[in-house]
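Asks: Generate a structure from the sequence data that follows.
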Amino acid sequence: MYRISKEFHFSASHQLKGLPEDHQCARLHGHNYIVVIELASRELNAHGFVRDYLDLAPLKRYIDDTLDHRHLNDILGDDGVTAERMAKHFYDWAHARWPEVSAAKVSETPKTWAEYRP
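Replies: Alright, predicted model coming up:
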């Protein structure tokens with residue numbers, strides 16, 4: 001199996017509602033997010049690629065136009081703003097466009113990652 005991945009960055013705020021009042025994530029706060037999309041294929045295309053990285057430009061546009069420097073609760077809804085749910089969101093968005101997508105990962109801090117892999 002061949003695997004490739006591409007990393008994307010954006011900054012945004014969110015608030016995890018329903019947590020105890022004294023939980024730091026219950027307060028409005030922001031992150032410098034990293035999103036990694038992984039694609040996999042048993043075969044390479046005629047150019048020797050799983051997929052040309054340039055094909056992933058629509059994901060960069062989506063992130064820049066829809067998520068960067070926004071309040072994610074407004075975009076994804078109050079239930080969609082955990083790193084785990086965001087990983088699923090990015091997987092679904094990307095897999096609908098590129099069937100080779102096999103996983104999506106989201107980092108909120110340098111030490112934390114959430115991954116969705118069906």
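
Asks: how about the helix or strand where Ile4 lies: buried residues?
Replies: Using DSSP states H and E, Ile4 maps to strand 2-14. Neighbour-count burial for strand 2-14 flags Ile4, Lys6, Phe8, Phe10, Ala12, His14 (criterion: 16 or more other Cβ atoms under 10 Å). For glycine as for every other residue, the C-beta is placed from the backbone atoms N, C-alpha and C.

Asks: Val50 contacts Glu38, doesn't it?
Replies: No - Val50 sits out of contact with Glu38 when judged by Cβ atoms under 8 Å, with a separation of 9.6 Å.

Asks: Find residues that contact each of these two.
Replies: Taking Cβ atoms under 8 Å, 6 or more residues apart in numbering as the contact rule, Val50 and Glu38 both touch Arg3, Ile4.

Asks: Just after the strand holding Ile4, pick out the following helix or strand.
Replies: Taking DSSP H and E as the definition, the helix or strand that follows strand 2-14 towards the C-terminus is strand 29-41.

Asks: ok now that next one, how far from the chain's centre?
Replies: Mean C-alpha position of strand 29-41 versus that of the full chain (Cα atoms, centre = their mean, to the nearest Å) differs by 4 Å.

Asks: Mind exporting the C-alpha coordinates of whichever helix or strand comes after it to PDB?
Replies: Per DSSP H and E, strand 29-41 leads on to helix 57-62 as the next helix or strand towards the C-terminus. These are the backbone C-alpha positions of helix 57-62, laid out as PDB (Å, rounded to 0.1, in the frame of the first residue of the first chain):
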ATOM      1  CA  ALA A  57      -5.600  22.600  -3.400                       C
ATOM      2  CA  PRO A  58      -9.400  22.700  -2.900                       C
ATOM      3  CA  LEU A  59      -8.900  21.600   0.700                       C
ATOM      4  CA  LYS A  60      -6.500  24.500   1.300                       C
ATOM      5  CA  ARG A  61      -9.100  26.900  -0.200                       C
ATOM      6  CA  TYR A  62     -11.800  25.500   2.000                       C
END
